[in-house]
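Visitor: Need the 3D shape of this:
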Amino acid sequence: MTHVPSQPWRDWPLGVRVVVRRHLPEGGYSDVLGDLLASGPDGVTVRSRHGDVEVRAEDIAIGKIIPPRAPRVPRT
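Guide: Residues are numbered from 1 along each chain as shown. Below you'll find the model as predicted:
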């Protein structure tokens, strides 16, 4: 029997805010935080403050939906 890894991101609705922890090629991890643009069996695309980031399924360590960003309060 072949083990099929869980892919919870496939159930996330597009447009929600997410954080995805990914494995880095040189070792260690990095988090991608932003709005979910695309998800599928190959991975996800997240729009972060630094641009669109594609994360391959095999690089995803963990991820979850998070609350929307809090509105900025102007300084007085």
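
Visitor: List every C-alpha atom in stretch 6-15, with coordinates, as PDB.
Guide: The C-alpha coordinates for stretch 6-15 follow below in PDB (Å, rounded to 0.1, in the frame of the first residue of the first chain):
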ATOM      1  CA  SER A   6      -1.800  14.700   3.700                       C
ATOM      2  CA  GLN A   7      -2.300  17.900   1.700                       C
ATOM      3  CA  PRO A   8      -4.600  20.100   3.900                       C
ATOM      4  CA  TRP A   9      -3.800  23.200   1.700                       C
ATOM      5  CA  ARG A  10      -6.000  21.700  -1.000                       C
ATOM      6  CA  ASP A  11      -9.100  22.400   1.100                       C
ATOM      7  CA  TRP A  12      -8.100  26.000   1.900                       C
ATOM      8  CA  PRO A  13     -10.400  28.600   0.200                       C
ATOM      9  CA  LEU A  14      -8.600  31.000  -2.200                       C
ATOM     10  CA  GLY A  15      -8.000  34.500  -0.800                       C
END
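
Visitor: going forward can the numbers begin at 50, since that is how I track them
Guide: In the new numbering, first residue 50, that becomes stretch 55-64.

Visitor: quick one: buried residues of it?
Guide: For stretch 55-64, the neighbour count (16 or more other Cβ atoms under 10 Å) marks 56, 58, 61 as buried. For every residue, glycine as well, the C-beta is placed using N, CA and C.

Visitor: Out of those, flag the one nearest to Ile114.
Guide: Ile114 has its nearest neighbour among those in Trp61, at 5.9 Å by Cβ to Cβ.

Visitor: residue contacts, the closest one?
Guide: 67, 85, 88, 114 (Cβ atoms under 8 Å, 6 or more residues apart in numbering).
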